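[1] using only what follows, build the 3D model:
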Amino acid sequence: MNTSVSRALGTAVAAASLTLLGAGIASAHVTVNAPGASQGGYAVATFNVPNESDTASTTKVSVAVPNLKSARTEPIPGWTATVDRNDKKEVTAITWTANPGNAGVGQGQFQRFVVSMGPLPKQEHVERPATQTYSDGKVVAWDQKDNADGSEPEHPAPALTLAAGTGGHDDPADTAEAAAPKSTDDTARWLGGIGLALGALGAALGLGSVLRGRRA
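    Residues are numbered from 1 along each chain as shown. This is a model prediction of the structure:
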């Protein structure tokens, strides 16, 4: 009885392990997420890039982002980011390249590439095709759409689902930059006001001393 139960549990655990392993392999794709992203607005997007090669490292990642007004990359030690634009100064692609001396994303590792971008298209589903280049020269294109039967293709394009526009159309980077000067300006005004009040008080005390001296 105990032997049968043990065998059953062992089989179940093995099956579950294989299922999880299969899910991990299937989900090891280049993906993108941008919490709170809405149509027509700006968002901070994170591209997650796992290394899928057993013999080479990832040394370059390029993402297509057509018709964007702004794209600002987050600095990553050991990587150089370039933003390509067309003749209309619209962003067409963002590329991250490992610097000399940086081996890149190794086996069993992944790297996050963060960019503030917008305004985002006014559509619910947005794809951002990407290419992943390995140290052995292999290039993998992540640009496939879902299959006709709804199943996932071998190399799906990173995709975002955008909420309906909520009126938040400011670049997060611009918002952060604008906040600091305002705070500094408010502080200066407070200090200036305090200085004026102290000056007026000092003048009143001085005048009072002169009047008392004369009376004496």
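[2] and the nearest residue to residue 78 once chain neighbours are set aside, how far is that from residue 28?
    In space, and not counting its chain neighbours, residue 78 is closest to residue 102: 3.8 Å by CB to CB, 6 or more residues apart in numbering. Any C-beta I mention is one placed from the backbone N, CA and C, and that applies to glycine too. Remark: distance between residue 102 and residue 28 (CB to CB, to the nearest Å) = 22 Å.
[3] again with residue 88
    Distance, residue 88 to residue 28, by CB to CB: 36 Å.
[4] more crowded one of those two?
    Taking other CB atoms under 10 Å, residue 88 and residue 28 do not tie; residue 28 has more neighbours (13 against 8).
[5] which helices and strands sit right next to the longest strand belonging to the chain?
    Identified as the longest strand of the chain according to DSSP state E is strand 58-68. Contacts defined by 3 or more CB pairs under 8 Å, 6 or more residues apart in numbering; DSSP states H and E place strand 58-68 against strand 43-50, strand 91-98, strand 110-118, strand 130-134.
[6] angle of that strand against strand 130-134?
    160 degrees (axes from the mean of the first three to the mean of the last three CA atoms, to 10 degrees).
[7] partner strands of the helix or strand following strand 58-68 and their direction?
    Downstream of strand 58-68, the next assigned helix or strand under DSSP states H and E is strand 70-73. Partners of strand 70-73 in the sheet, by DSSP bridges, are strand 110-118 (antiparallel).
[8] tell me which strands the helix or strand following the partner strand pairs with, and in which orientation.
    The helix or strand immediately downstream of strand 110-118 is strand 125-127, counting by DSSP H and E. Paired strands of strand 125-127, with direction, are strand 159-161 (antiparallel) (DSSP bridges).
[9] may I see the buried residues of the strand it pairs with?
    Buried residues in strand 159-161, counting neighbours by 16 or more other CB atoms under 10 Å, are found at residue 160.
[10] just to revisit the earlier point, redo the helices and strands packed on strand 58-68 as JSON lines? Include mean neighbour count, mean pLDDT and distance to residue 82.
    Formatted as JSON lines, the helices and strands packed on strand 58-68 follow (neighbours: other CB atoms under 10 Å; pLDDT from 0 to 100; distance: least, CB to CB, whole Å):
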{"stretch": "strand 43-50", "mean neighbour count": "20", "mean pLDDT": "97", "distance to residue 82": "15"}
{"stretch": "strand 91-98", "mean neighbour count": "20", "mean pLDDT": "97", "distance to residue 82": "5"}
{"stretch": "strand 110-118", "mean neighbour count": "20", "mean pLDDT": "97", "distance to residue 82": "12"}
{"stretch": "strand 130-134", "mean neighbour count": "21", "mean pLDDT": "98", "distance to residue 82": "14"}
